[in-house]
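Colleague: My questions concern the predicted model and sequence given below.
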Amino acid sequence: MENLEFARILREIAELLEIKNENPFKVRAYYRAAQVIEGLSESINTIAERGELRKIPGVGESIAEKIEELLKTGRLKYLEELKKEVPEGLLSLLEIQDIGPKTALLLYKELGINSMEKLEKALAEHRLRDLPGMGEKTEENIRRGIELLKETGTRMLLGTALPVAEEIISELKKNSPVEKIEATGSLRRFRETVGDIDILVVSKNSEKVMDVFTGLAMVREVLAKGPTRSSVLTTYGIQVDLRVVKPDQFGAALHYFTGSKNHNIAIRELGVKKGLKINEYGIFRGKKKIGGEEEIDVFKSVGLPYIPPELRENRGEIEAAKEGRLPVLVECADIKGDLHIHSKYSDGENTIEEIVRKAKQMGYEYVGIVDHSRSMRFAGGLSISDLKKKINEIRRLNEKIKDITILAGAEVDIKVDGSLDYPDEILKELDIVIAAIHSGFKMDQEKMTERIIKGIENEYVHILAHPTGRLIGKRDPYRVDVERLIMAAAKRGIMLEINAYPERLDLPDIYCRRAKDEGIIMVISTDAHHLDQMRFMKFGVGVARRGWLEKKNILNTFSLKELFKKLKRI
DNA sequence: GCCGTTTTCGGCCCGACTGTTTTCAGTCG
C-alpha cells in the first residue's frame, strides 16, 4: 500500500468523524496525519519496518496502530465500523460548495438524501427550504454549488492555470489602478495542480479594479462582486478570486492567502506562543499592530528567516528554518541548458538549428537534442543509420556555431525485458543517453521495478527520464517501487529527470527530496517537441524547488566543463 | 487524537461571509 492510499484512508476517517459530529480536534488530528503522510518522501512501509511510525509528526499511538493494522491485514476495523454508521454516499455531498458535515447529516436525517441524484431531486421539488436553518437562498446556493462542481470539478494543471493568471495580472496592471499585484494560493506555491486562481492587489480605488476585473473578456460569469473581494468564472472553466487590501496589510495578506493552510496554522501557533496574533491584516501584540506590510514581517515576528512559497507545505520547513538549515533553492536563472529536446529527426516539430537558435535566445550554454529510439515507430524513432546521421550533423554544427554547445543524445527505450533499444556500440557514440519507458505499462510492480533497474544498469545510461510515467489526471504512474528505484539510481550514479512537461512533472516533488537525500543529481528537462514548449522549464524548476533542491543538485546548472565531466564514461 | 522551551492534562489558528437568525451556526479559505 502506498503513502497516498494511507493518507486517503485517514482523510476518509476524518470526514466520517466530522459527519458524526465528533470532537473537532480529533477530526483535525486525522486530517493532519493524512496531510503529513501524503508529504512523506519515504514509504510508510519502510518507516514501519524500522518501527518509527510514532516518530512521524501527527502520528501517535492510536493512528500508528491503525497503520500497522492496515499493513498487516490490508483492512481497518475502525473504518469499517465508521462506514456502517455513516451511510454511503454522504461523503460525496461534501464536495458541493456550502455543504459541510452538518448540512450533509441534516439532509440525510430529515430527507434521507445520501447521493447527488437524490439531492438534485429534492432540490427540484423544493424540499430543502423547509428544513431548520434553511431557506430559498440556501437551496439556490446548493443548486449553484452542484453546477459549479460539474463545471470545475477537477483541479487544473499548473501549466494551464499559470498563463491565465499571468494574463489577468497583465490586464489589471495595464487597465486598472493597481499598486501591487501578485498571484497567491497554490499557484504561487507551484503545486502541480490548482483548484482556483487567487490574486491579491493593493489599490486606492478598489471599485475600479473590480470593475475591470469582472469585465475582462475571459469572464463568463461573475460569481460575487464586492469592494474587497470578487469572484468570477472564466471561459477556461477556472474560478478566479481577486482581493484588494490596504498597503500596510499586503505582506500579511500575501502570506495568508499563499498558504498552505497547514503552514499558516503552524506559523500562527508559533505566534501564539510568542503572545502574537497573526491574521491576514497583520501581526498584533494585543491590540497593537507590529507588522504586516511586507511578507517577511510574518516570518520575522516568529523568529524565522523567509521561507519560499514552494516550501510552505508544513513538511518540515518551519523546523528547518528554526535550525537555520533551509535549502538555498535552485532558480530559473541558474539553468544553463535544456538536455531533453526532440527534433524533427523523431517526433519534434523543429530542426536542430531552430532549437539551437531558440536555446541561445534563452541564454543557454548548451542544449541536448534527444530523439526517440528505433522501436518507437509511432514517434518517429530513429534507426541506427539515422542516428549516426544526426550525430554527424550535430558535430558539424558544433564546429560552425559559437556560444552554445549541442549535445547529441537519445531517449532510448527500456524494453519489456529491461534491455535497451540501441546496442552499446551506438550508445557510446552519444554525448547523453536518457533511458525511458514508453511501452508495456501494465506490468506488476516487481517486474516493472526490475525492468527499469536493469535498464539503468547499462553502463552508457546517464539519466532516467520521467521516472514514474504518470500523466496527471490521465494516467497513473507505472507500478514501480520508487524507493527501490531511487536506491538503485543512487548506487549506480544514475541521474533522475524532472520532466517539466506540465502534464508530467515527473519525478514528483516529494520523491525529488528523497533522491536529494540519497545524493542523486537531478536534471530538469522540458521534453519539448516544439520551440514554444521550451518555456516549460519554469515548471520543472518549480518541482525542484518544492523538492527542496539546490543548484548543486541539478545537472543543468553546471558549467559546460562540469557537465561533460559528469557525463564522461566511467 | 496529538503534544509539551509555559503543560503528561488541557489545550489545540483565525476571521469573513452568508443566511438564517434575534445572537449564531455552518462553511470556507
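Modeller: Everything's here; your move. Numbers count the residues shown, from 1 in each chain, chains lettered A, B, ... in the order given.

Colleague: mind listing what's buried in the helix or strand of chain A with the lowest mean pLDDT?
Modeller: Lowest on mean pLDDT, DSSP states H and E among the helices and strands of chain A sits helix A:136-152, with a mean of 81. Residues A:138-139, A:141-143, A:145-146, A:148-149, A:152 are the ones in helix A:136-152 that count as buried (16 or more other Cβ atoms under 10 Å). Just so you know, the C-beta spots here come from the backbone N, C-alpha and C atoms, and that holds for glycine as well.

Colleague: Which of the three states applies to residue A:407?
Modeller: The three-state assignment at residue A:407 reads strand, by DSSP: H, G, I helix; E, B strand; the rest coil.

Colleague: ok, it touching residue A:462?
Modeller: No - using Cβ atoms under 8 Å, residue A:407 makes no contact with residue A:462, being 10.3 Å away.

Colleague: that older thread, which member of the buried residues of helix A:136-152 is positioned nearest DNA strand B?
Modeller: In terms of Cβ to the nearest atom of the strand, no member of the buried residues of helix A:136-152 lies closer to DNA strand B than residue A:138, at 3.9 Å.

Colleague: helix or strand for residue A:314, which one?
Modeller: Here residue A:314 is covered by no helix or strand, with elements defined by DSSP states H and E.

Colleague: residue contacts, it?
Modeller: For residue A:314, the residues meeting the contact criterion (Cβ atoms under 8 Å, 6 or more residues apart in numbering) are A:35-36, A:39, A:260, A:262-263, A:265-266.

Colleague: For it, which non-adjacent residue is closest in space?
Modeller: Counting by Cβ to Cβ, 6 or more residues apart in numbering, residue A:262 is the residue found nearest to residue A:314 once chain neighbours are left out, at 3.8 Å.

Colleague: Shouldn't the one you found be within a helix?
Modeller: Yes - secondary structure of residue A:262 (three-state DSSP): part of a helix.

Colleague: Isn't it up against residue A:313?
Modeller: Yes - taking contacts as Cβ under 8 Å, residue A:262 lies within contact range of residue A:313: 7.0 Å.

Colleague: Name the residue in those two with the higher neighbour count.
Modeller: Set side by side, residue A:262 and residue A:313 show more neighbours around residue A:313, with 23 against 18, by other Cβ atoms under 10 Å.

Colleague: got the phi/psi numbers for that one?
Modeller: phi -120, psi 10 (degrees, to the nearest 10).

Colleague: That one reaches residue A:264, doesn't it?
Modeller: No - when contacts are counted by Cβ under 8 Å, residue A:313 is not listed as touching residue A:264 (11.0 Å).

Colleague: Those residues of the stretch 101-250 of chain A touching DNA strand B, which are they?
Modeller: Residues of the stretch 101-250 of chain A lying close to DNA strand B by Cβ under 7 Å from any atom of the strand are A:101-104, A:129, A:132-139, A:141, A:185, A:196, A:198, A:224, A:226, A:228-229.

Colleague: now, among the contacts of residue A:314, which is nearest to residue A:2?
Modeller: The nearest member of the contacts of residue A:314 to residue A:2, counting by Cβ to Cβ, is residue A:39 at 13.2 Å.

Colleague: distance of the residue lying closest to that closest one once chain neighbours are set aside from residue A:417?
Modeller: In this structure, residue A:39 finds its nearest non-sequential neighbour in residue A:315, 4.3 Å apart by Cβ to Cβ, 6+ apart. As judged by Cβ to Cβ, to the nearest Å, residue A:315 and residue A:417 stand 38 Å apart.

Colleague: any idea how chain A splits into domains?
Modeller: Here the domain parsing of chain A from automatic domain parsing is A:3-152, A:156-245, A:249-322, A:332-567.

Colleague: how about the buried residues of helix A:136-152 in a markdown table, adding distance to residue A:218?
Modeller: Shown next, in a markdown table, are those (distance: Cβ to Cβ, whole Å):
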| residue | distance to residue A:218 |
| --- | --- |
| A:138 | 30 |
| A:139 | 30 |
| A:141 | 24 |
| A:142 | 27 |
| A:143 | 25 |
| A:145 | 23 |
| A:146 | 24 |
| A:148 | 17 |
| A:149 | 21 |
| A:152 | 14 |
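
Colleague: Find the residues that touch each one of residue A:407 and residue A:462.
Modeller: If you check residue A:407 and residue A:462 against Cβ under 8 Å, 6+ apart, the residues they both contact are A:432, A:567.

Colleague: who touches residue A:387 in this structure?
Modeller: Shown in contact with residue A:387 (Cβ under 8 Å, 6+ apart): A:371, A:410, A:422, A:426.

Colleague: Out of the residues you listed, which sit inside strands?
Modeller: A:371, A:410 (DSSP state E).

Colleague: what stretches of chain A score poorly on pLDDT?
Modeller: A:151-154, A:569-570 (pLDDT under 70).

Colleague: Go ahead and flag the most central residue of it.
Modeller: By Cα atoms, centre = their mean, the mean C-alpha position of chain A lies nearest to residue A:192, the distance being 2.6 Å.

Colleague: That one contacts residue A:156, doesn't it?
Modeller: No - shown here, residue A:192 and residue A:156 do not form a contact pair, counting by Cβ under 8 Å, at 10.4 Å.

Colleague: Which member of the contacts of residue A:387 is positioned nearest residue A:2?
Modeller: Nearest to residue A:2 among these, with distances taken as Cβ to Cβ, is residue A:410, at 31.9 Å.

Colleague: does the residue of the stretch 351-500 of chain A at minimum distance from DNA strand B count as helix, strand or coil?
Modeller: DNA strand B sits closest to residue A:473 of the stretch 351-500 of chain A, with a gap of 19.5 Å, by Cβ to the nearest atom of the strand. The three-state label given to residue A:473 by three-state DSSP is coil.

Colleague: quick one: contacts for it?
Modeller: Residue A:473 sits next to A:154-155, A:157, A:193, A:503 when contact means Cβ under 8 Å, 6+ apart.

Colleague: Over to residue A:362?
Modeller: Residue A:362 makes contact with A:338, A:534, according to Cβ under 8 Å, 6+ apart.
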